[in-house]
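In: quick check, what structure comes out for this input:
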Amino acid sequence: MKKYLLVLGIFIVGMNNVNAQFFSNLNFNINDSLKLVASTNSNPKKISILDNIAWRYMYSKGDTAIKYLKIAEDIAFKSKEENLLYDVLNDISSTYNQTIGNYPLGLHYATEALKLGNKLDLPDSLMRKAYFNLGQCYAYLHNKDLALKYLIQATPYVRRNLNNANNSTMPKVYYILEMYDTAYLYNTKIINRNNKLPYENRWSGAYVVQGDIYRAQKKYDSAIINYKLSIPLSFISSLYKDYLEAASGLTSTYAEMNQVDSAIYYGSQVVTYSAKFTFTEGLLNAYKVLYQMYKVKNKIDSSYKYLEKSQQLSEQLYNSSKTNEAQNIAMGEVTKAKELAEQKEEQQKKLIITAIGLILVVIGVYLNGKRKQRERLRQIEEDRKNNELAAARDLQQSMLPKENPKRADLDIATFIRSSTEVGGDYYDFFPQPDGGIFSVCGDATGHGVTSGMMVSVTKAGLNGISPVKPNKILQRLNGVVKRIDLGTLRMSLNIAEITSDEVFLSSAAMPPIYLYKAATKQVEEFMNNGLPLGGLRDEEFVLENRKFEAGDVLVQLSDGLPEAPNLAGEMYDYERLRSLIQSSCHLSAQEIIDVLIKSVDEWMQGKRNPDDITLVVTKKK
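Out: Coordinates of the predicted model:
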C-alpha cells in the first residue's frame, strides 16, 4: 500500500511538471546526427544513424520516425544492404501499427520484411520481428487465424525471453484478439519481472496492457491503478506514446463508469499532448468519448466539435497516411521553403540598396518581386499537388497485378482505364495451391486520392482474409472496411472463384457478371447483388454456382463501360453490351476486350470517359 501511495505521489508531481518532463528527453542534437549521415561514405553507418534518430521518435512522434525510416529504407535498398533493410522494414511496420494506427500499411511493410527475411534465410530468432508485426497487424484487422499462426511461430522465442521486461507484444496481441486470460498470463510474468527492477528502469507499457486487460474484464478499479502506475514511468523513460495510451485508457474507463468529469479530464489530456506526440488511435478514442461525455452534459456545441474532429481524423488517417511517398514529399517541401527564404532575403538586400536614391524604383522592384514570389509559391503548390497525385497514382498501380495468372485451360485478359489521375476501379487475382483462382473486380466510391485509398484498404483486407467461398470473403471484408470507417466512402466488389470445371460468383453492388455458355450460345446475367462494402455491418451476400466448360466465357466489369455517355448524353446501355458479348465470344479473351472497347469509344465519339472502365475476361479453352 505504501508503495502504491508513493507511485501516486510521483504521478501527481509528474502531472504538475508534465511539460518539462515531456520535452526534456527529446533535446538531442538531430543536426549533428544528420551531419554525420552527410559526411560518411559508409551506407551501413548512415542507415544505423537514421534508424537511431527514428527510434528517438518512434513512441512519441510517429510521422517524424517514419520520415527518417523511409530515408534509411531508400539507402538500404539502393546499396543492397538487405540485412539492414530487413530491420528498417520491421521498424516502419511497428511504427505504423503501434503509434500511427495505420494497420494496412503496417501489414504491407511486415509482409515485405517477411519476404526479405525468407530470401536471406535468416534464423528464426531474427524472423521473430516479422512474425510479431504480422501477428499484430492481422489481430487489428480481425483475422484471428493468421494472427495466431504468426504468434505461434514467434512463441518459442518469446518464452525464452520473458525475462526481458520490455517484451509486451505478445500480451498486447492476445488482448486485441480478446483472449484476455492468455494476455493476462503473459503480461503478469512481465510485470513480476518488471517489479524486481529499480523503479526508474521499469517499463511503463506492461502496466498499460494490464490496465487494458482489466478494463476489458470490467475490473475498473484495478484498471485505473495500472494505468496510473504507468504514467510516471512513461515520463522517466520518454515513452510518451505510453502516456497517451494510458490517458486514453483512463478516458474510456471513467466513461464506462459514468464518471463524466474524469473522462473529460483525461480525454482533454490526450487531445492536448497529441499536438506534440503521436498515438492516433488514442486521439481518435478521446474524440469519440469527449463527444459522448459532452452530449451527456448537454453541451451540444462541444459535443458536435469532437464528433466532427473524430470524423476528420478517420478520413485523414486513411487518406494521407496511406500514400507511400508522403514523407519524401514533406522533406521536399522543407527544402523548397528554405530556398524561398534565401531568395526573399536576397531580394530584401537589393531593395534596401536601391531605396537610397530611387524610391519609386524601389516600389516598382518590390511589387515586381512580390508578384514573382506569388508565382513561385503558386508553382511550388502546383508541383506539390502533382507530386502527391503521382505518388497516389503509383500506389494505385502497385495494387494491380503485374501479370495475369497462367493456367493451361484458361485464357485471361484485362483492361483498366481511369477517368482521372487516380481512379477507383480495381481488379486482382489470387491463385490458390489447388489450382483454383479468385478473380476480383471492384469500384470504389468516386475518383481521385480518396477512392485510391479505399482500393488500398481493400487490397490489404483481401490479402489478410482466408480463402473461403466468395460470399464469405465479401462478408469478412465488409467487416474490415466497416471497422476502418472511411466515412461515406464505399467499395463495390464482385468475386469469382474459378475451379477446374466450375465457377462460384458473389457480388456486392457491382454491375451484372456475364457468363456465356458455348453449348447454348446464350449469355446468362448474374444480378444477385448485396450492398457495397462498408455499408451495413451484418450484410449477407448471395453465392451462385455454375459449370465452366470449354468455350465458356466469364466477363466481370465496372459500370464505366455500360453507362458511358455519347455526345447527346445517351447511355451505352447494358442490353447493347450483353448483345455484343454474345456475338464476340468465339474470339480470344483479348480480342473480346478489343471489340468492347472499340465499340464504346466509337459510341463516345472522342469524349473523355467520365467514369473508370475496367474489364476482366476469362475464357475456358
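In: wait, isn't residue 44 in contact with residue 81?
Out: Yes. Counting by CB atoms under 8 Å, residue 81 is a contact partner of residue 44 at 5.9 Å. For the C-beta atoms, the positions are set from N, CA and C on the backbone; glycine is no exception.
In: neighbour count winner among these two?
Out: Applying other CB atoms under 10 Å to residue 44 and residue 81 shows that residue 81 carries more neighbours, namely 18 against 14.
In: residues in contact with the more buried one?
Out: Taking CB atoms under 8 Å, 6 or more residues apart in numbering as the criterion, residue 81 is in contact with 43, 44, 47, 75.
In: next, give phi and psi for it.
Out: phi -90, psi 80 (degrees, to the nearest 10).
In: report the buried members of the contacts of residue 81.
Out: Of all the contacts of residue 81 considered here, the ones buried according to neighbour count by 16 or more other CB atoms under 10 Å are 43, 47, 75.
In: nearest to residue 267, out of the residues you listed: which one, please.
Out: Residue 267 has its nearest neighbour among these in residue 47, at 39.3 Å by CB to CB.
In: report the mean per-residue pLDDT for the host helix or strand of residue 91.
Out: Using DSSP states H and E, residue 91 falls within helix 82-95. Per-residue confidence for helix 82-95 averages out to 92 on the pLDDT scale.
In: list the buried residues for that helix?
Out: Applying a neighbour-count criterion of 16+ other CB under 10 Å, one finds 84, 85, 86, 87, 88, 89, 90, 91, 92, 93, 94, 95 buried in helix 82-95.
In: so which two of these are the farthest from each other?
Out: The largest distance within the buried residues of helix 82-95, taken as CB to CB, falls between 84 and 95 and amounts to 16.6 Å.
In: now the strands: where do they sit in the stretch 201-350 of the chain?
Out: Along the stretch 201-350 of the chain, counting by DSSP state E, counting those that start in this stretch, no stretch forms strands.
In: same check, this time on the chain
Out: In the chain, the strands defined using DSSP state E lie at 410-417, 425-431, 437-444, 491-498, 502-508, 513-517, 522-526, 529-530, 544-547, 553-557, 613-620.
In: which one of those strands lies closest to residue 140?
Out: Shortest separation from residue 140 across these is recorded for strand 491-498, at 19.0 Å, computed as CB to CB.
In: one step back: what would the buried residues of helix 82-95 look like in TSV with distance to residue 270?
Out: Shown next, in TSV, are the buried residues of helix 82-95 (distance: CB to CB, whole Å):
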residue	distance to residue 270
84	35
85	35
86	34
87	31
88	30
89	30
90	28
91	25
92	25
93	24
94	21
95	19
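In: then stretch 412-429 to CSV, C-alphas only?
Out: Included here for stretch 412-429 are C-alpha records, laid out as CSV according to Å, rounded to 0.1, in the frame of the first residue of the first chain:
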residue,chain,number,x,y,z
ILE,A,412,-7.4,-14.4,-69.3
ALA,A,413,-7.2,-10.8,-70.4
THR,A,414,-7.8,-7.5,-68.5
PHE,A,415,-8.3,-3.8,-69.2
ILE,A,416,-8.4,-0.7,-67.0
ARG,A,417,-8.7,3.0,-68.0
SER,A,418,-9.1,5.7,-65.3
SER,A,419,-11.2,8.8,-65.8
THR,A,420,-8.8,10.9,-63.6
GLU,A,421,-5.2,10.7,-62.4
VAL,A,422,-6.2,8.3,-59.7
GLY,A,423,-9.2,6.1,-60.3
GLY,A,424,-11.4,4.0,-58.0
ASP,A,425,-11.6,0.8,-60.1
TYR,A,426,-9.6,-2.3,-59.1
TYR,A,427,-9.1,-5.8,-60.3
ASP,A,428,-6.9,-8.6,-58.9
PHE,A,429,-6.2,-12.4,-58.9
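In: quick one: that stretch to chain centroid distance?
Out: The offset between the C-alpha centroid of stretch 412-429 and the centroid of the whole chain comes to 21 Å, using CA atoms, centre = their mean, to the nearest Å.
In: circling back to that earlier point, out of the contacts of residue 81, flag the one nearest to residue 353.
Out: residue 75 (43.9 Å).
In: residues in contact with that closest one?
Out: By CB under 8 Å, 6+ apart, residue 75 lies in contact with 43, 46, 47, 50, 81.
In: residue 90 now?
Out: The contact partners of residue 90, taken as CB under 8 Å, 6+ apart, are 109, 110, 113, 129, 130, 133.
In: now it. Nearest residue, chain neighbours left out?
Out: The spatially closest residue to residue 90, leaving aside those adjacent along the chain, is residue 129, at 4.3 Å (CB to CB, 6 or more residues apart in numbering).
In: so that neighbour is in contact with residue 87, correct?
Out: Yes. The pair residue 129 and residue 87 qualifies as a contact (CB under 8 Å) at a distance of 7.5 Å.
In: buried set for stretch 500-507?
Out: Judged by neighbour count using 16+ other CB under 10 Å, the buried positions of stretch 500-507 are 503, 504, 505, 506, 507.
In: again, but for stretch 466-475
Out: So for stretch 466-475, counting by 16+ other CB under 10 Å, buried means 470, 471, 472, 473, 474, 475.
In: can you redo these as CSV with pLDDT?
Out: Converted to CSV, the buried residues of stretch 466-475 look like this (pLDDT from 0 to 100):
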residue, pLDDT
470, 94
471, 93
472, 93
473, 92
474, 93
475, 91
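In: any low-confidence regions in the stretch 401-550 of the chain?
Out: Low-confidence segments of the stretch 401-550 of the chain, defined by pLDDT under 70: 420-423, 446-450, 464-465.
In: can you check the stretch 51-200 of the chain too?
Out: Across the stretch 51-200 of the chain (using pLDDT under 70), the flagged ranges come out as 156-169.
In: also the stretch 201-350 of the chain?
Out: Low-confidence regions of the stretch 201-350 of the chain, defined here as pLDDT under 70, cover residues 315-344.
In: let's see it at 80
Out: Low-confidence segments of the stretch 201-350 of the chain, defined by pLDDT under 80: 237-241, 278-280, 314-350.
In: need the helices for the stretch 451-600 of the chain, in chain order.
Out: Assigned by DSSP state H, counting those that start in this stretch, the helices in the stretch 451-600 of the chain fall at 470-484, 574-584, 589-604.
In: deepest-packed of these, please.
Out: Ranked by mean neighbour count under mean count of other CB atoms under 10 Å, these are led by helix 470-484, which reaches a mean of 21.
In: summarise which helices and strands it is packed against.
Out: Packing partners of helix 470-484 (3 or more CB pairs under 8 Å, 6 or more residues apart in numbering; DSSP states H and E): helix 448-463, strand 491-498, strand 502-508.
In: would you list the buried residues of stretch 466-475 in TSV and tack on distance to residue 440?
Out: Conversion of those to TSV gives the following (distance: CB to CB, whole Å):
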residue	distance to residue 440
470	9
471	13
472	14
473	9
474	10
475	15
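In: going by distance to residue 526, which of the residues you listed wins?
Out: Minimum distance to residue 526 across those is 11.5 Å, recorded for residue 470 (CB to CB).
In: tell me the domain boundaries of this protein?
Out: Structural domains of the chain, as assigned by automatic domain parsing, span the residue ranges 32-160, 165-171+181-238, 239-317, 348-398, 400-620.
In: isn't residue 282 right up against residue 274?
Out: Yes. Checked against CB under 8 Å, the pair residue 282 and residue 274 is within contact range at 7.3 Å.
In: number of nearby residues for the residue nearest to residue 191 when sequence neighbours are not counted?
Out: The spatial neighbour of residue 191 that comes closest, neighbours along the chain excluded (CB to CB, 6+ apart), is residue 206 at 5.1 Å. Each residue near residue 206 was counted by other CB under 10 Å, and the total is 30.
In: next one: residue 145
Out: Counted with other CB under 10 Å, the burial measure for residue 145 works out to 10 neighbours.
In: look up how far residue 487 lies from the spatially closest residue to it that is not a sequence neighbour.
Out: Excluding the flanking residues, the one nearest residue 145 by CB to CB, 6+ apart is residue 466, at 5.8 Å. With distances defined as CB to CB, to the nearest Å, the gap from residue 466 to residue 487 amounts to 28 Å.
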